[in-house]
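Asker: When you get a sec, could you give me coordinates for this:
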Amino acid sequence: MAGPATSLAQRAQTFVPSRRAVVEPAWVRRSLIAIAVLFMFVFLILPLFAVFAEAFGQGVSVYFNSFQDPNMWAAIRLTLLVALIAVPLNTIFGIAAAWCLAKYQFPGRSLLLTLVDLPFAVSPVISGLIYVLIFGRQGWLGPWLFDHDIRIIFAVPGIALATVFVTFPFVARELIPLMESQGNDEEFAALTLGASGWQTFWRVTVPNIKWGLFYGVILCNARAMGEFGAVSVVSGHFAGKTMTLPLQIELLYQSPGTYAAAFAGASLLSMLALITMALKNFIEWRHARANTEEAV
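Answerer: Reported below is the predicted structural model:
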């Protein structure tokens, strides 16, 4: 009996030093935490605080008066309109692309997966120039569109197209790895039991991907409302007509006497970002809670 006990004690003694060897010293952990906190404070918290400080720097009345400008309200309405167009379209595309790429193997799958990531690699300004090249007055389809009195560039359709382009990877990129990890077993079981394709999609697939779908939609909406580069190229900068909120903020910042109004608009976009992060954390919390309840 002494032999096994002694052997077990010796193993424990040899295991403890090996564990200690892979644990960083306390000063290393504290230094890394301090660097991370300092970085977030300098590059995230401090600029955000500066935006709200400048927005309310001349008083609350000046802040709220900034939103009485008709051009500001037109920019807010256009931003919401573009988001209402881009987000549903990208949600439909994201689900379809994720279903295709995660559930099937086919020639050209890698190419399609690469194309989904294309807006992440291409500058938004370049994507705007692409639409000008296609739909502009001197573009490929420009003469035909002009003859038929159809305006895309320097109008709301062009802004919506550019926004759809720069935001369409978000939903797809959230769903593809999620669907790949889940596999096809539940769908095959539902089809075997007599469920139709739509029944399988709504009652099996959607409940399994709902948290990833919500997360992708939130990120897509945040990018759609804050997009600047591509929209700046195709908008034409017509005040009250084709100016989204980011473009209106730039115009106010560069104009004399509207400095506070520019930061008021920036604070509105910042609040949008904070709401987005709050929704993201809420969804992650609900997802973790749902997984815990399923495990119990």
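Asker: from here on, contacts and neighbour counts on C-alpha atoms
Answerer: Will do.
Asker: The stretch 1-150 of the chain: helices as residue ranges?
Answerer: 2-21, 26-40, 46-55, 60-65, 70-103, 109-116, 118-121, 124-135, 142-147 (DSSP state H, counting those that start in this stretch).
Asker: for the fourth one, which positions count as buried?
Answerer: This means helix 60-65. residue 63 (16 or more other CA atoms under 10 Å).
Asker: now for that helix, which elements pack on it?
Answerer: In terms of contacts (3 or more CA pairs under 8 Å, 6 or more residues apart in numbering; DSSP states H and E), helix 60-65 is packed against helix 259-295.
Asker: average pLDDT across the helix it packs on?
Answerer: Mean pLDDT, computed over helix 259-295, is 84.
Asker: One more: stretch 39-48?
Answerer: 91.
Asker: For it, measure first residue to last.
Answerer: Terminal residues of stretch 39-48 are spaced 14 Å apart (CA to CA, to the nearest Å).
Asker: Ok, stretch 53-72 next?
Answerer: End-to-end distance for stretch 53-72: 20 Å, by CA to CA.
Asker: what's the least confident stretch among the helices of the stretch 1-150 of the chain?
Answerer: helix 2-21 (a mean of 51).
Asker: on that earlier part again, looking at the helices of the stretch 1-150 of the chain, which is closest to residue 292?
Answerer: Within those, the stretch nearest residue 292 is helix 70-103; the backing value is 25.5 Å (CA to CA).
Asker: Does that closest one pack against any helices or strands, and if so which?
Answerer: Applying 3+ CA pairs under 8 Å, 6+ apart, we find helix 70-103 packed against helix 156-167, helix 169-182, helix 206-226, helix 245-254.
Asker: now the ones you listed in CSV, with mean pLDDT?
Answerer: CSV is the format used below for these (pLDDT from 0 to 100):
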stretch, mean pLDDT
helix 156-167, 95
helix 169-182, 91
helix 206-226, 90
helix 245-254, 93
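Asker: now these as CSV including mean neighbour count and distance to residue 23?
Answerer: Output for those, formatted as CSV (neighbours: other CA atoms under 10 Å; distance: least, CA to CA, whole Å):
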stretch, mean neighbour count, distance to residue 23
helix 156-167, 24, 41
helix 169-182, 20, 32
helix 206-226, 20, 34
helix 245-254, 20, 47
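Asker: Could you dump those into CSV with distance to residue 133 added?
Answerer: Shown next, in CSV, are those (distance: least, CA to CA, whole Å):
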stretch, distance to residue 133
helix 156-167, 12
helix 169-182, 22
helix 206-226, 22
helix 245-254, 21
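Asker: out of the ones you listed, which comes closest to residue 109?
Answerer: Of all these, it is helix 169-182 that lies closest to residue 109, at 12.4 Å by CA to CA.
Asker: mind listing what's buried in the very next helix or strand once past the closest one?
Answerer: Where DSSP states H and E defines the elements, the next helix or strand beyond helix 169-182 is helix 185-192. For helix 185-192, burial by neighbour count (16+ other CA under 10 Å) applies to 187, 190.
Asker: Disregarding flanking residues, what is the spatial nearest neighbour of residue 287?
Answerer: Residue nearest to residue 287 in three dimensions, not counting chain neighbours: residue 211, with 6.4 Å by CA to CA, 6 or more residues apart in numbering.
Asker: Please list all residues in contact with that neighbour.
Answerer: 283, 284, 287 (CA atoms under 8 Å, 6 or more residues apart in numbering).
Asker: Neighbour-wise, give me the winner out of those residues.
Answerer: residue 283 (17 neighbours; other CA atoms under 10 Å).
Asker: Just give the nearest non-adjacent residue to it, would you?
Answerer: residue 211 is the one closest to residue 283 (CA to CA, 6+ apart), at 6.6 Å.
Asker: Relative to residue 238, how far out is the closest residue to residue 284 other than its chain neighbours?
Answerer: Ranked by CA to CA, 6+ apart and with sequence neighbours excluded, the top spatial neighbour of residue 284 is residue 211, at 7.8 Å. Distance, residue 211 to residue 238, by CA to CA: 39 Å.
Asker: Spatially central residue for the protein, please.
Answerer: Centroid-nearest residue in the chain: residue 219, 2.5 Å away (criterion: CA atoms, centre = their mean).
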